[in-house]
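In: Mind looking at a prediction? Sequence and model below.
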Amino acid sequence: MNQTQDFIQQHKQRFLDELIELLKIPSISADPSYSASVYQTADSVADHLTSIGMHHVEICQTAGYPIVYAEWTKDTSLPTILVYGHYDVQPADPLELWTSPAFEPVIKTTDIHPEGAIFARGACDDKGQMFMHVKAVEAMIKSGEMPCNVKFMIEGEEEVGSENLGIFVKENVEKLKADVILVSDTGMLANDTPSITTGLRGLSYVEVEVTGPNRDLHSGLYGGCVANPINVLAKMVASLHDENMHITIPGFYDKVVELSDEERAEMAKAPFSLEKYCKALDMEDVYGEAGYSTMERGSIRPTLDVNGIWGGYTGEGAKTVIASKAYAKISMRLVPDQDPNEITKLFMDHFTAIAPKGVRVKVTPHHGGEAAVTPIDSVGYKAAALAYEQTFGKRPIPVRSGGSIPIVAMFEKILGLKTILMGFGLDSDAIHSPNEHFGLFNYYKGIETIPYFYAHYTELTK
């Protein structure tokens, strides 16, 4: 891979410039007003894949946004690596909290990124990390050191639940035939502590609506006489946890897989500073389920969180009103063996049951997905570990992530393939938040590391 690494060093500035141009396109899949930009981004990704020398590039239409597919075949007797990523991004709101416009990428230095970081929506999640793979493959193809076959599948609906990806995968099993799936949509512990994500939590996401009177009412004339949907919703949400932050939905924990003391002890070896964690979030202390560490609460335990809550008057000044309706969006992160459909049903039944007679409750399920675990004795994991060791100079630590990538479990069910999660972002990169960023160190280190995965995977499968 010497020529590949030389190519990367020679073209680093171009790789950065091209990413910056990609980040300028506001490919927000959740907002229909940005539809044209999402399609523009798909075209841009396809153009990049064509320019690097992929043999076949295709923009595959779906019922939603298109999936960009590409392949490069060296020899059908060699392994095939299927790269998955997404080109859509989260909304940038609240815009006023950005220190620079979300879609006007700038490079700034920070304490964690003294060499600089790209500040823009999608910088880390997932345009920057997806683009690392495009540039790594370019370097291998152009230098003549591509050791095996590669396919790309880049979608535009990950941030809204990948509704059409499963359909595409089911309809294209033969096209997507591969030996392993490679994804960079996760992170690592620190720039001096590489890690590989070996587990992801599942997800159940719902929206609730509580309705009281048939119209907004005067809070003086009706206050104390009718159920206030906002007050009721607040009490209902608060009741979903007990004093130990244990979720109170009956049956919620029935299928939760408990890790052994030995497994928890291995997890505890990952470096973690409670003081630094709290300082980074400007908090005095952590908060969570009793009996578990902060690292465990965020990875091997299920959770329930309100992602948004609203109702009534929220404008300037006062308006004495009892709102007719109140709303909340709630996400539940799940662990292995918890079925998202079962959990959604348990939530719906419970939330409806605890509502007082003065209100009506509606629960609308949104997207979900199953948890996934990747064994550390697989060829894919071993190849990834060797690749990190080659560029970081130390073995990576296997970690469970608190995030959810529902498509990982789906890939295994439909394609029969395990996914290797080679993330290069950091928890401090503010993904989904204002001022999202991606370190230049991380971007370049990803491009440098990925080719070694191809080389080691090919060698280990001989």
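Out: Happy to help now that I have it.
In: Which of the helices or strands spans Cys278?
Out: helix 274-281 (DSSP states H and E).
In: tell me which residues of the very next helix or strand once past that helix are tucked away?
Out: Once helix 274-281 ends, the next helix or strand along the chain (criterion: DSSP H and E) is helix 294-297. Residues of helix 294-297 classed as buried by neighbour count (16 or more other CB atoms under 10 Å): Met295, Glu296, Arg297. C-beta: built from backbone N, CA, C; applies to glycine.
In: shouldn't the last one be in contact with Ala290?
Out: No. In this structure, Arg297 sits apart from Ala290 without contact. The criterion is CB atoms under 8 Å, and the distance is 9.8 Å.
In: and the residue lying closest to His432 once chain neighbours are set aside, how far is that from Tyr457?
Out: Excluding the flanking residues, the one nearest His432 by CB to CB, 6 or more residues apart in numbering is Gln90, at 5.0 Å. According to CB to CB, to the nearest Å, Gln90 stands 31 Å off from Tyr457.
In: mind saving the C-alpha coords of the helix or strand of the chain with the lowest mean pLDDT as PDB?
Out: When the helices and strands of the chain are scored by mean pLDDT, DSSP states H and E, helix 261-267 comes last with a mean of 85. Extracted in PDB, the C-alpha atoms of helix 261-267 (Å, rounded to 0.1, in the frame of the first residue of the first chain):
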ATOM      1  CA  ASP A 261     -19.600  -9.600  35.100                       C
ATOM      2  CA  GLU A 262     -16.700 -10.600  32.900                       C
ATOM      3  CA  GLU A 263     -18.100  -8.800  29.800                       C
ATOM      4  CA  ARG A 264     -18.800  -5.700  31.900                       C
ATOM      5  CA  ALA A 265     -15.200  -5.800  33.300                       C
ATOM      6  CA  GLU A 266     -13.800  -5.900  29.700                       C
ATOM      7  CA  MET A 267     -16.000  -2.800  28.800                       C
END
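In: in the chain, which spans are helices?
Out: Using DSSP state H, the helices of the chain run over residues 2-10, 12-23, 35-51, 127-143, 165-171, 219-222, 229-238, 261-267, 274-281, 294-297, 340-353, 379-392, 407-415, 440-460.
In: Can you mark which positions in the fifth one are buried?
Out: Along helix 165-171, these residues count as buried under the neighbour rule (16+ other CB under 10 Å): Leu165, Gly166, Phe168, Val169.
In: Nearest to Thr193 among those?
Out: Leu165 (32.0 Å; CB to CB).
In: Hmm, Glu157 and that closest one touching each other?
Out: Yes. Here Leu165 reaches Glu157: they are 6.7 Å apart, a contact under CB under 8 Å.
In: which residues are common contacts for those two?
Out: Residues touching both Leu165 and Glu157 by CB atoms under 8 Å, 6 or more residues apart in numbering: Thr62.
In: Leaving out chain neighbours, which residue sits closest to Gly251?
Out: Using CB to CB, 6+ apart, the closest residue to Gly251 is Leu346 (5.2 Å).
In: Report the contact partners of that neighbour.
Out: For Leu346, the contact set (CB under 8 Å, 6+ apart) comprises Ile249, Pro250, Gly251, Phe252.
In: at 10 Å what do you get?
Out: Ser204, Ile247, Ile249, Pro250, Gly251, Phe252, Asp254, Met332, Gln338, Asp339 (CB atoms under 10 Å, 6 or more residues apart in numbering).
In: do the same with Tyr313
Out: Tyr313 neighbours (CB under 10 Å, 6+ apart): Asp216, Lys319, Thr320, Val321, Ala323.
In: Turn those into TSV, including neighbour count and distance to Ile196.
Out: Formatted as TSV, those follow (neighbours: other CB atoms under 10 Å; distance: CB to CB, whole Å):
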residue	neighbour count	distance to Ile196
Asp216	17	53
Lys319	11	53
Thr320	11	56
Val321	17	53
Ala323	23	48
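In: Dump these to a markdown table, plus pLDDT and distance to Glu96.
Out: Below are the contacts of Tyr313 laid out as a markdown table (pLDDT from 0 to 100; distance: CB to CB, whole Å):
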| residue | pLDDT | distance to Glu96 |
| --- | --- | --- |
| Asp216 | 96 | 28 |
| Lys319 | 96 | 23 |
| Thr320 | 96 | 28 |
| Val321 | 96 | 26 |
| Ala323 | 97 | 25 |
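In: Quick check: the two most widely separated of those residues?
Out: Longest span within these, CB to CB: Thr320 and Ala323, 11.4 Å.
In: can you list residues touching both of these two?
Out: By CB under 10 Å, 6+ apart, the residues touching both Thr320 and Ala323 are Leu217, Ser219, Tyr313.
In: and stretch 148-168, what's its mean pLDDT?
Out: With pLDDT averaged residue by residue, stretch 148-168 scores 96.
In: Cross-check the contact I'm expecting between Phe131 and Ile447.
Out: Yes. Assessed by CB atoms under 10 Å, Phe131 is found in contact with Ile447 at 8.7 Å.
In: picking up where we left off before, which residues are in contact with both of Arg297 and Ala290?
Out: With CB under 10 Å, 6+ apart, Arg297 and Ala290 have common neighbours Met245.
In: who's in contact with the nearest residue to Met410 once chain neighbours are set aside?
Out: Once flanking residues are discounted, Met410 sits nearest to Gly166: 5.5 Å by CB to CB, 6+ apart. Gly166 makes contacts with Gly369, Pro406, Ile407, Met410, Phe411, Lys413, Ile414, as judged by CB under 10 Å, 6+ apart.
In: Give me the pLDDT value at the nearest residue to Gly187 once chain neighbours are set aside.
Out: Nearest residue to Gly187 in three dimensions, chain neighbours excluded: Gly425, at 4.0 Å (CB to CB, 6+ apart). Gly425 carries a pLDDT value of 97.
In: Can you tell me how far Gly425 is from Gly128?
Out: From Gly425 to Gly128 the distance is 8 Å (CB to CB).
In: Touching both of those two, which residues are there?
Out: Contacts common to Gly425 and Gly128, judged by CB under 10 Å, 6+ apart, are Ser184, Glu436, His437, Phe438, Gly439, Asn442, Tyr443, Gly446.
In: Need the buried ones from those residues selected in PyMOL.
Out: Buried residues among those (16+ other CB under 10 Å), as a PyMOL selection:
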select buried, resi 184+436+437+438+439+442+443+446
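In: Take the shared contacts of Gly425 and Gly128 and lay them out in a markdown table including distance to Val359 and pLDDT.
Out: Output for the shared contacts of Gly425 and Gly128, formatted as a markdown table (distance: CB to CB, whole Å; pLDDT from 0 to 100):
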| residue | distance to Val359 | pLDDT |
| --- | --- | --- |
| Ser184 | 45 | 97 |
| Glu436 | 38 | 98 |
| His437 | 43 | 98 |
| Phe438 | 45 | 98 |
| Gly439 | 48 | 98 |
| Asn442 | 48 | 98 |
| Tyr443 | 50 | 98 |
| Gly446 | 50 | 98 |
